[in-house]
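> One predicted model, sequence on top.
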Amino acid sequence: MFAEISGVVFIFALTVLLAIPLGAYIARVFRGERTWLDFLEPVENLFFKLSGIDPKSPMDWKQNLKALLTINAIWFVWAMLLLLTQSVHPFWNPDGIVSMEPTQAFNTAISFMTNTNLQHYSGETGASYLTQLFVFTFLQFVSAGTGIAALAILYRALDQKPTLAAMSTVATTNLGNFYSDLVRSCTRILLPIAIVGAIFILFNGTPMTFNGAEKIVTLQGDTVSVARGPVAAMVSIKQLGTNGGGYFGPNSTHPFENPNFLTNILETVFIILIPIAAIFALGYYLRRQKLAWVIFGVMTLGFVLLLIPTIIGETGGNSAFAPFGISQPMGSMEGKEVRFGAAASALWGVETTCTSNGSVNAMHDSFTALSGTWLMLGMQLNAFYGGVGVGFLNMFVFIIIAVFIAGLMVGRTPEFLGKKIEAKEVKIAIMIALLHPLLILASTAIASHIFVTTEGGNDTLKWLNNPGSHGFSEMLYEFTSSSANNGSGFEGLGDNTPFWNIACGVVMIIGRFIPIIGPLAIGGALVAKKVVPESAGTLKSDSLMFGVMLFSVIVILGALLFFPALVLGPIAEHLSIR
């Protein structure tokens with residue numbers, strides 16, 4: 001047990017140590033300063049020239065947002081086209097993978113475009129090599145790049161400090177260029193780290209080939225077909241970009257995606273590396289490192305409070321086995337890989353649900369009931385580290401609400417980074433904060449209504465493999481994962497149906513872009529405001545008091561909204577087996 005806990009502490013500490021210098025580097029990329037990857041500039045300029053884009057053309061927040069939404073719409077059409085025509089691809093389909101059914105293609109295209117990677121198909125049997133590379137891997141890069149580019153736009157908005165004497169339009173509305181940020185995020189941040197990760201797992205046994213499935217004869221004399229393909233390239237970016245969609249159906253429980261404990265360490269580090277680095281990048285970019293540490297502290301406190309009970313629950317074994325006198329010295333090992341163990345699986349599970357990653361090295365459906373509560377709560381709060389780029393955008397909404405409440409408590413106009421927070425900004429923040437629970441709870445309620453009112457129930461729908469509370473948890477988890485753009489699932493749910501494909505697709509696209517639009521709109525509103533000097537009544541955003549206020553807002557607004565639904569699902573299941 002000590003060795004397992006030590007491994008958990010080592011992995012997290014290593015991640016933070018790597019994230020701090022990476023955050024400084026990301027800030028340099030955002031500022032357009034010189035970096036050691038400047039030799040890629042001719043390649044970047046070639047992209048812009050072929051696209052007819054001027055990367056130096058200034059954009060305000062609305063122009064940046066228009067560019068973001070337009071190019072994502074193009075990527076959706078591209079993905080749909082390839083997914084619907086897999087069976088006629090002229091090359092890179094040695095195993096004869098057929099085209100996807102239209103609602104499944106709709107769900108899959110939206111899933112990868114929104115950085116969710118919810119998979120209503122099994123990777124190695126549902127997608128050709130061409131699709132795996134030119135749809136999934138491509139979107140895993142650019143969807144993560146989209147989040148980072150949106151973050152860069154917000155950071156520039158927060159860094160603008162116009163004065164009464166200098167309120168020119170150009171000075172106060174230029175928030176950079178989305179296309180430039182997108183390309184540089186991919187070439188300067190994601191690509192170099194992903195290449196290092198791909199080479200590492202390649203040398204540890206992850207395949208990288210265009211040959212078809214291999215026929216082998218087992219020790220029992222059976223002939224089996226072993227799937228393979230260009231796996232290493234996809235696995236690295238699916239971890240680094242908080243994408244999570246696996247090349248194989250079992251994701252990183254599969255030995256070809258995650259061969260040993262060394263690759264498990266790398267892939268676990270990759271899950272939260274950039275989300276944490278983005279927080280430190282805020283400090284370096286705004287030259288307010290104390291603020292970054294306060295936000296990091298709030299996120300880490302929430303993360304640890306979810307991690308500790310999950311580790312305890314998984315290493316302590318399943319209480320349902322106690323009456324049978326079954327010893328569980330390794331903890332609750334159902335659905336887990338022996339080569340990783342219960343503690344490392346719990347760490348991965350909490351990391352992947354606190355971020356928008358969604359990859360797994362153990363089956364979440366097999367976690368103990370209370371552990372399932374913590375996994376869902378991480379996605380429902382959606383504020384502890386979060387996805388690449390969009391993690392801070394989600395936290396920024398809570399920051400605005402916390403600043404507003406703090407202002408009311410001291411009886412003065414709320415301020416953040418010297419800018420007044422007024423009714424417009426607060427209304428946007430409140431709407432974004434309430435959208436997430438609305439998508440999850442309303443969608444789960446609709447699914448539950450359909451389930452109980454359909455003649456024949458589950459015999460007709462074929463949705464649930466588990467009755468009662470756990471079945472409700474499976475539906476709640478699916479919409480929670482979709483809204484949080486996470487992509488993991490309680491895999492007892494029969495989700496490849498028109499209802500789940502369309503419903504989850506709609507939830508994913510709303511849950512992705514509205515929380516990007518809101519913070520950028522707030523940033524755009526703050527840009528033109530003059531700086532208000534700090535006074536004795538100002539609650540400093542880099543103080544311990546503000547950190548406590550921010551954490552309280554997250555818990556009160558987030559956790560209490562979801563508590564009744566969690567009581568009906570995993571908590572009720574836990575109480576039923578005590």
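Thanks, I have it.

> Do you have the helices of the stretch 451-578 of the chain handy? List them.
458-461, 468-483, 498-527, 544-554, 560-566, 572-576 (DSSP state H, counting those that start in this stretch).

> hang on, I meant the stretch 201-350 of the chain
Under DSSP H, counting those that start in this stretch, the stretch 201-350 of the chain gives helices at 231-240, 261-286, 289-315, 341-354.

> coming back round to it: minimum distance to Pro309: which of the helices of the stretch 451-578 of the chain has it?
Pro309 lies closest to helix 572-576 among those, at 11.5 Å (CB to CB). C-beta: built from backbone N, CA, C; applies to glycine.

> which ones are touching the spatially most central residue of the chain?
Nearest to the mean C-alpha position of the chain, counting by CA atoms, centre = their mean, stands Ser356 at 1.3 Å. Counting by CB atoms under 8 Å, 6 or more residues apart in numbering, Ser356 makes contact with 115-116, 242, 244, 386-388, 390-391, 484-487.

> Closest one to Pro275 out of the residues you listed, please.
Gly391 (4.4 Å).

> burial count for the closest one?
Neighbour count for Gly391, taken as other CB atoms under 10 Å: 27.

> Check the one 5 residues further on too.
For Phe396, the tally of surrounding residues (other CB under 10 Å) stands at 26.

> give the contact list for the closest residue to it other than its chain neighbours.
With CB to CB, 6 or more residues apart in numbering as the criterion, Phe396 has its nearest non-adjacent residue at 4.9 Å, and that residue is Pro519. For Pro519, the contacting residues are Ala150, Leu154, Leu393, Phe396, Val397, Ile432, by CB under 8 Å, 6+ apart.

> How many residues are close by the second one?
Here the number of neighbours of Leu154 (other CB under 10 Å) works out to 24.

> give me the element it is part of.
In this structure, Leu154 sits in helix 138-159 according to DSSP states H and E.

> quick revisit: so which of the helices of the stretch 451-578 of the chain is nearest Met59?
Closest among the helices of the stretch 451-578 of the chain, using CB to CB: helix 498-527, at 10.8 Å.

> What angle do helix 468-483 and the closest one make with each other?
50 degrees (axes from the mean of the first three to the mean of the last three CA atoms, to 10 degrees).

> By mean pLDDT, which helix or strand of the chain comes out lowest?
helix 169-173 (a mean of 52; mean pLDDT, DSSP states H and E).

> who touches the following helix or strand past it?
Next helix or strand after helix 169-173 toward the C-terminus (DSSP H and E): helix 178-184. With contacts defined as CB under 8 Å, 6+ apart, helix 178-184 is touched by 29-30, 44, 47-48, 51, 53, 55-56, 59, 63-65, 67-68, 71, 142, 145-146, 148-149, 152-153.

> go again using 7 Å as the cut-off
29, 44, 47, 53, 55, 59, 64, 67-68, 145-146, 149, 152-153 (CB atoms under 7 Å, 6 or more residues apart in numbering).

> Just put those in a markdown table and tack on neighbour count, pLDDT and distance to Ile110.
Converted to a markdown table, these look like this (neighbours: other CB atoms under 10 Å; pLDDT from 0 to 100; distance: CB to CB, whole Å):
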| residue | neighbour count | pLDDT | distance to Ile110 |
| --- | --- | --- | --- |
| Val29 | 20 | 95 | 28 |
| Glu44 | 18 | 92 | 28 |
| Phe47 | 15 | 90 | 25 |
| Ile53 | 16 | 92 | 25 |
| Pro55 | 19 | 91 | 28 |
| Met59 | 20 | 94 | 26 |
| Asn64 | 27 | 96 | 22 |
| Ala67 | 18 | 96 | 19 |
| Leu68 | 23 | 97 | 16 |
| Gly145 | 24 | 96 | 17 |
| Thr146 | 30 | 97 | 14 |
| Ala149 | 26 | 97 | 19 |
| Ala152 | 29 | 96 | 24 |
| Ile153 | 27 | 96 | 23 |
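
> Okay, the nearest residue to Phe91 once chain neighbours are set aside and His470: tell me how far apart.
Using CB to CB, 6+ apart and skipping the chain neighbours, the partner closest in space to Phe91 is Leu130 (6.9 Å). Distance of Leu130 to His470, given as CB to CB, to the nearest Å: 38 Å.

> which phi and psi does Pro230 have?
phi -80, psi 70 (degrees, to the nearest 10).

> Isn't it up against Phe134?
No. Between Pro230 and Phe134 there is no contact under CB atoms under 7 Å: 10.7 Å.

> and these two? which has more neighbours close in?
Pro230 (19 against 16).

> Distance of that one relative to Thr85?
With CB to CB as the criterion, Pro230 and Thr85 are 19 Å apart.

> cool, Ile509 as well?
22 Å.

> Of those two, give the one with the bigger neighbour count.
When Ile509 and Thr85 are compared for neighbours, Ile509 comes out ahead with 19 against 15, by other CB under 10 Å.

> who's in contact with the more buried one?
Per CB under 7 Å, 6+ apart, neighbours of Ile509: Ile110, Thr114.

> let's see 6 Å
Contact analysis of Ile509 by CB atoms under 6 Å, 6 or more residues apart in numbering lists Ile110.

> Mind pulling up the pLDDT for it?
With respect to pLDDT, Ile509 has a value of 97.

> Out of the helices of the stretch 451-578 of the chain, flag the one nearest Thr223.
Minimum separation from Thr223 across the helices of the stretch 451-578 of the chain (CB to CB) falls at helix 498-527, 34.2 Å.

> distance between the closest one and the chain's centre?
13 Å (CA atoms, centre = their mean, to the nearest Å).

> now stretch 214-224
With CA atoms, centre = their mean, you get 38 Å for stretch 214-224.

> Just the residues contacting it, thanks.
Ser225, Val226.

> Pull that stretch out as PDB, backbone CA atoms only.
Extracted C-alpha coordinates of stretch 214-224, given in PDB (Å, rounded to 0.1, in the frame of the first residue of the first chain):
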ATOM      1  CA  GLU A 214      -2.300 -10.000 -37.300                       C
ATOM      2  CA  LYS A 215      -3.500 -13.600 -37.200                       C
ATOM      3  CA  ILE A 216      -1.900 -15.600 -34.400                       C
ATOM      4  CA  VAL A 217      -2.300 -19.000 -32.800                       C
ATOM      5  CA  THR A 218      -2.700 -19.000 -29.000                       C
ATOM      6  CA  LEU A 219      -1.300 -21.600 -26.600                       C
ATOM      7  CA  GLN A 220      -4.700 -23.200 -26.700                       C
ATOM      8  CA  GLY A 221      -4.500 -23.600 -30.400                       C
ATOM      9  CA  ASP A 222      -7.100 -21.000 -31.300                       C
ATOM     10  CA  THR A 223      -6.500 -18.700 -34.200                       C
ATOM     11  CA  VAL A 224      -7.300 -15.100 -33.200                       C
END
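
> The residue nearest to Phe91 - how many residues pack around it?
19.

> thinking it is in contact with Val88, fair?
No. Contact between Leu130 and Val88 fails when scored by CB atoms under 6 Å: they sit 10.8 Å apart.

> picking up where we left off before, show me what the helix holding Leu154 is packed against.
helix 178-184, helix 231-240, helix 498-527 (3 or more CB pairs under 6 Å, 6 or more residues apart in numbering; DSSP states H and E).

> what mean pLDDT would you report for the first one?
In this model, helix 178-184 has an average pLDDT of 96.

> repeat for the second one
Confidence over helix 231-240 (mean pLDDT, whole number) is 95.

> contacts for it?
Counting by CB under 6 Å, 6+ apart, 137, 140-141, 193-194, 197-198, 201-202, 206-208, 244-245, 247, 256-257, 267, 270-271 sit against helix 231-240.

> What's the separation between Lys49 and Val43?
11 Å.

> now swap in Ala67 and tell me
The value you get for Ala67 to Val43, if CB to CB is used, is 20 Å.
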